[in-house]
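Colleague: Here is my input, please return the structure:
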Amino acid sequence: MINKLTYIESDQYNPYKNLAVEEYLFFRCQKEECILYLWQNQHTIVIGRNQNAWAECLTEKLENDGGFLARRLSGGGAVYHDLGNLNFTFLVNKENYNVDKQLEVIQKAVAKFGVRAEKSGRNDILIDGRKFSGNAFYKDGDHCYHHGTIMLDVKVDEMSKYLTVSKEKLQSKGVSSVKSRVVNIKELVPDITVDRMKEALKEAFSEVYGEKTDVIKMDDLDQNKVEEITDRLKSWEWRYGRKIPFNEMKSRRFDWGQISLNFYVQEGRVEDIIVYTDALKPAIADEIPKYLKGLKYKKDVICTELGLFWSEEEVENKMMKDIIEWLKSLDW
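Modeller: Numbering: from 1, shown residues only. All right, here's what the predicted structure looks like:
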């Protein structure tokens, strides 16, 4: 039985630190305690634990635009976060874990603004059939959390720009996102703000569980431990290097012929690459794999390495230059 409610708000917008605080709280939640943690990320795509980053969003475009790619512990699909979105996490012991009750807090909070919300079969929360809150879940032993989004005033065009993937023939074993119709609460409540929603959630939290809520601050946490987790969650190995293999083909016709690069990627690195071409100088097809095997599957890394190619035949140097410029022009 829950007899202690704890409330904490993040005081910054870095996704890696926010997810680190979530993990920190996850393993420190007491047996009879429920923690409500509220946080916001700026210009971020967060993918599920078992998703392929390249299959879910335009990773290079996102980072080149100053955005962040983050991976969470929980499953589910890819989501876009900006400061028009408020994230919540309920952290609780297994025997007190109750998704319906946790979702009731969200429903009761939005009801304070005159909005009626209902749960869907996939544990999303809808307003008139449109999703404003997507939810995901994670368990480890007796520790559980349930987290999700609340779309207040998200820039939906930005969301579509990065989550709409137009890759050719990418075949991945990762979990794919499910696309849904979405709605911002601001469309229904024009004067809503993040601060007002935070206060409504805090009130609803106490009302649903029937207990007084204690407030703690970010400074109350072990900062060294939080930073240690942050470093792991922002690492390339965690975000991209997961064991989710995939194949991708990139193909282009040039004035000298057609070329197809067939990548096999394992743990975020090029394990193998097969090159097909009908060019009259086919030797380049044998050279490309020598440069790329073992490299991170990252556009700038691949193009830089191919830039080391040199041939005594000028036509082959031109072919490689064309290939590099083509790869640079693609969204990865």
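Colleague: where does the chain have low pLDDT?
Modeller: For the chain, the stretches with pLDDT under 70 are 122, 164-180.
Colleague: So for it, the centremost residue is which one?
Modeller: Val46 (1.5 Å; CA atoms, centre = their mean).
Colleague: That residue touches Leu73, doesn't it?
Modeller: No. When contacts are counted by CB atoms under 8 Å, Val46 is not listed as touching Leu73 (10.8 Å). Placement of C-beta: from N, CA and C, glycine included.
Colleague: picking up where we left off before, contacting residues around the stretch of helix or strand the residue nearest to the centre of the chain belongs to?
Modeller: Take DSSP states H and E as the rule and Val46 turns out to sit in strand 44-47. For strand 44-47, the external contacting residues (CB atoms under 8 Å, 6 or more residues apart in numbering) are 15, 19, 53, 56-57, 62, 67-72, 77-82, 162-163.
Colleague: Please flag which of the residues you listed sit within helices.
Modeller: Judged by DSSP state H, the contacts of strand 44-47 include Pro15, Leu19, Ala53, Glu56, Leu62, Tyr162, Leu163 as members of helices.
Colleague: Could you pull out the strands in the stretch 151-300 of the chain for me?
Modeller: Under the criterion DSSP state E, counting those that start in this stretch, the stretch 151-300 of the chain contains strands at 171-172, 213-215, 246-254, 257-266, 269-277.
Colleague: May I have the fourth one as PDB, with CA atoms only?
Modeller: What follows is strand 257-266 as a C-alpha-only set of coordinates in PDB (Å, rounded to 0.1, in the frame of the first residue of the first chain):
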ATOM      1  CA  GLY A 257      27.100   4.100 -64.400                       C
ATOM      2  CA  GLN A 258      24.800   2.800 -61.600                       C
ATOM      3  CA  ILE A 259      26.100   2.000 -58.200                       C
ATOM      4  CA  SER A 260      24.400   0.300 -55.200                       C
ATOM      5  CA  LEU A 261      25.900   0.200 -51.700                       C
ATOM      6  CA  ASN A 262      24.400  -2.600 -49.600                       C
ATOM      7  CA  PHE A 263      25.300  -2.000 -45.900                       C
ATOM      8  CA  TYR A 264      25.000  -4.700 -43.200                       C
ATOM      9  CA  VAL A 265      25.100  -2.900 -39.900                       C
ATOM     10  CA  GLN A 266      25.600  -4.600 -36.500                       C
END
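Colleague: Find the residues that touch each one of Val46 and Leu73.
Modeller: Leu19.
Colleague: Return the residues in contact with the spatially closest residue to Lys250 that is not a sequence neighbour.
Modeller: In space, and not counting its chain neighbours, Lys250 is closest to Leu261: 4.8 Å by CB to CB, 6 or more residues apart in numbering. Contacts for Leu261 were tallied using CB under 8 Å, 6+ apart; they are Met249, Lys250, Ser251, Ile273, Val275, Ile288.
Colleague: May I see the ChimeraX selection of the buried members of these?
Modeller: Restricted to buried positions by 16 or more other CB atoms under 10 Å, the ChimeraX selection for those reads:
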select :250,273,275,288
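Colleague: Quick one: the contacts of Leu261 as a markdown table, columns for distance to Lys234 too.
Modeller: Conversion of the contacts of Leu261 to a markdown table gives the following (distance: CB to CB, whole Å):
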| residue | distance to Lys234 |
| --- | --- |
| Met249 | 30 |
| Lys250 | 28 |
| Ser251 | 34 |
| Ile273 | 28 |
| Val275 | 34 |
| Ile288 | 31 |
